[in-house]
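Engineer: sequence-free structure coming up:
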């Protein structure tokens with residue numbers, strides 16, 4: 001089968017080609033044991049253990065291959081003594097969990113817990129860890145005269161995939177594998193206090209933390225020059241192919257290599273008024289910090305070879321990637337209310353306020369792409385944060401805080417040096433359920449989303465060198481009204 005991606009008037013087409021349907025297979029087997037034990041009238045213990053067996057993924061018909069970093073050739077699944085999977089089997093994935101609840105008084109409870117959970121062998125999103133090149137390849141067919149199409153779709157392309165030989169992949173990117181890398185796992189722990197007041201009010205506050213290990217990370221390029229080589233300047237321009245560790249290839253990456261880490265700490269609180277006198281109230285607030293060393297994960301849709309614009313400043317120095325995460329939202333607050341009106345009508349509202357998330361800044365032109373670097377960050381020369389009264393959609397952050405990193409340098413900016421806009425929204429609903437017959441009911445709701453019409457701004461442009469750098473040109477939906485009628489029978 002082929003999938004074509006046309007460019008311009010189809011004078012050139014990029015084709016993902018495979019001669020047969022590829023069928024990756026993965027199995028996960030889990031066993032668990034758990035029990036609740038009331039140790040005393042005040043103390044309850046919840047304990048358990050889960051055993052996870054992540055069986056290494058395979059491909060039907062052994063249609064996969066791994067680039068051997070030593071021989072610089074492809075090893076095919078199930079051939080010449082090579083296993084039928086790219087990863088090794090792990091046998092020690094035990095995940096304990098323990099929870100404690102202690103009742104100090106009838107209205108005051110202390111809770112604490114810890115758990116370890118194993119996730120996919122790739123660290124996140126997918127259990128498939130076996131490369132399938134050259135059984136799927138990206139091919140390019142160019143028109144001969146720039147007037148006629150590269151090929152007629154009904155006839156198919158004339159280019160043919162490379163044969164599946166040990167030297168397939170010469171002159172392009174290939175995937176190796178770190179066979180002994182283990183599955184990802186998540187540890188979570190918490191401590192909280194819960195207090196009830198009167199008959200209807202309750203307050204809960206506590207600490208929640210987590211540590212994720214062996215997370216999926218963006219592809220890197222083992223065929224990249226080192227920073228020391230890059231610093232030699234113009235003298236290396238004519239010698240780049242010879243200086244590469246794998247001179248016969250462009251990019252060499254470890255397939256779905258899960259070596260990332262993240263750490264999360266938070267204070268969480270919740271105040272709730274249970275239903276009484278027609279009214280239910282709830283309010284919550286979270287203050288947190290999330291740090292990781294990967295701005296994204298590998299692209300699970302990329303199967304034919306490594307990407308060249310991977311989001312890592314230096315493939316040999318992962319410490320440069322450790323920063324406040326793009327998923328870090330330090331402050332999240334919400335308030336909700338439900339009120340029962342006369343004649344069966346119900347009015348509800350929810351308000352949500354949260355701070356913005358960190359954003360990465362990269363140069364629009366990567367001056368070091370020739371040496372195998374995926375991105376180039378600018379130099380940071382000042383604080384990019386602007387006071388709130390100086391921010392606008394035309395200039396959300398201090399663009400003068402960045403300067404272009406010259407060629408042969410990687411720039412000193414951290415991964416996520418700026419913070420995007422926060423989010424504020426208030427939604428309101430009024431509705432009623434009508435009993436039409438014994439079996440037929442009609443539910444009517446009138447809803448208003450973002451009722452204050454507060455602009456939910458998009459992220460600013462963070463491509464240094466772009467004319468729009470620092471500006472915001474997008475926004476989410478404005479105020480939206482909906483009428484809903486649902487019949488239940």
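Structural biologist: That came in fine, so what should we check first? Only a predicted model underlies this, so the values are computations on that prediction, with no experimental measurement involved.

Engineer: hey, let's count contacts and neighbours off CA atoms from now on
Structural biologist: OK.

Engineer: residue 209 - nearest residue in space that isn't next to it in sequence?
Structural biologist: residue 265 (4.5 Å; Cα to Cα, 6 or more residues apart in numbering).

Engineer: pLDDT wise, what is that neighbour at?
Structural biologist: At residue 265, the predicted lDDT confidence score is 98.

Engineer: likewise residue 455?
Structural biologist: In this prediction residue 455 is given a pLDDT of 88.

Engineer: thought it was touching residue 478?
Structural biologist: Yes - counting by Cα atoms under 8 Å, residue 478 is a contact partner of residue 455 at 6.3 Å.

Engineer: over to residue 240. Which of the three states is it?
Structural biologist: Classification of residue 240 by DSSP: H, G, I helix; E, B strand; the rest coil places it in helix.

Engineer: how close does the closest residue to it other than its chain neighbours sit to residue 134?
Structural biologist: Leaving aside its sequence neighbours, residue 240 sits nearest to residue 371 (Cα to Cα, 6+ apart; 6.6 Å). Between residue 371 and residue 134 the distance, using Cα to Cα, to the nearest Å, works out to 25 Å.

Engineer: buried ones in stretch 127-143?
Structural biologist: The neighbour-count check on stretch 127-143 (16 or more other Cα atoms under 10 Å) flags 127-142 as buried.

Engineer: give me the number of residues near residue 27?
Structural biologist: 12 (other Cα atoms under 10 Å).

Engineer: list the neighbouring strands of the host helix or strand of it plus their orientation.
Structural biologist: Using DSSP states H and E, residue 27 falls within strand 24-38. Using DSSP bridges, the strands paired with strand 24-38 are strand 43-59 (antiparallel).

Engineer: just to revisit the earlier point, pretty sure the residue nearest to residue 209 is in contact with residue 211, am I right?
Structural biologist: No - counting by Cα under 8 Å, residue 265 stays clear of residue 211, with 9.0 Å between them.

Engineer: any regions of the protein where pLDDT drops low?
Structural biologist: The chain contains residues with pLDDT under 70 at 1-13, 145, 147, 153, 155-156, 299-302.

Engineer: picking that back up, among the buried residues of stretch 127-143, which one sits closest to residue 483?
Structural biologist: Closest approach between those and residue 483, by Cα to Cα: residue 127, at 42.2 Å.

Engineer: what residue is smack in the middle of the chain?
Structural biologist: residue 296 (4.9 Å; Cα atoms, centre = their mean).

Engineer: ramachandran angles for that one?
Structural biologist: phi -160, psi 180 (degrees, to the nearest 10).

Engineer: for it, which residues are in contact?
Structural biologist: Counting by Cα atoms under 8 Å, 6 or more residues apart in numbering, residue 296 touches 217-218, 311.

Engineer: and those, which is closest to residue 32?
Structural biologist: Closest to residue 32, out of all of the contacts of residue 296 and judged by Cα to Cα, is residue 217, at 29.2 Å.

Engineer: partner strands of the longest strand along the chain, with direction?
Structural biologist: In the chain, taking DSSP state E as the definition, the longest strand is strand 258-276. Strand pairing for strand 258-276, determined by DSSP bridges: strand 201-216 (antiparallel), strand 279-292 (antiparallel).

Engineer: what separates stretch 478-489 from the chain centre, distance-wise?
Structural biologist: How far stretch 478-489 lies from its chain's middle: 32 Å, per Cα atoms, centre = their mean, to the nearest Å.

Engineer: need the residues that contact it.
Structural biologist: The contact list for stretch 478-489 (Cα under 8 Å, 6+ apart) reads 439-456.

Engineer: quick check: buried residues in it?
Structural biologist: In stretch 478-489, residues buried by neighbour count (16+ other Cα under 10 Å) are residue 479.

Engineer: and for stretch 58-70?
Structural biologist: For stretch 58-70, burial by neighbour count (16+ other Cα under 10 Å) applies to 58-59, 62-67, 69.

Engineer: thinking again about what came up before, ok, residues contacting the strand holding residue 27?
Structural biologist: 44-60, 127-128.

Engineer: put the buried members of those residues into a ChimeraX selection.
Structural biologist: A single ChimeraX command selects the buried members of the contacts of strand 24-38 (16+ other Cα under 10 Å):
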select :44,45,47,49,50,51,52,53,54,55,56,57,58,59,127,128
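
Engineer: the stretch 251-400 of the chain: helices as residue ranges?
Structural biologist: Ranges of helices in the stretch 251-400 of the chain, per DSSP state H, counting those that start in this stretch: none exist.

Engineer: and the buried residues of stretch 58-70 as JSON lines, adding distance to residue 408 and secondary structure?
Structural biologist: Output for those, formatted as JSON lines (distance: Cα to Cα, whole Å; DSSP: H, G, I helix; E, B strand; the rest coil):
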{"residue": "58", "distance to residue 408": "41", "secondary structure": "strand"}
{"residue": "59", "distance to residue 408": "42", "secondary structure": "strand"}
{"residue": "62", "distance to residue 408": "42", "secondary structure": "helix"}
{"residue": "63", "distance to residue 408": "40", "secondary structure": "coil"}
{"residue": "64", "distance to residue 408": "37", "secondary structure": "coil"}
{"residue": "65", "distance to residue 408": "35", "secondary structure": "strand"}
{"residue": "66", "distance to residue 408": "32", "secondary structure": "strand"}
{"residue": "67", "distance to residue 408": "29", "secondary structure": "strand"}
{"residue": "69", "distance to residue 408": "27", "secondary structure": "coil"}
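
Engineer: for those residues, which one is nearest residue 225?
Structural biologist: Scanning the buried residues of stretch 58-70 for proximity to residue 225, where the rule is Cα to Cα, the winner is residue 69, at 16.1 Å.

Engineer: alright, I will stop here.
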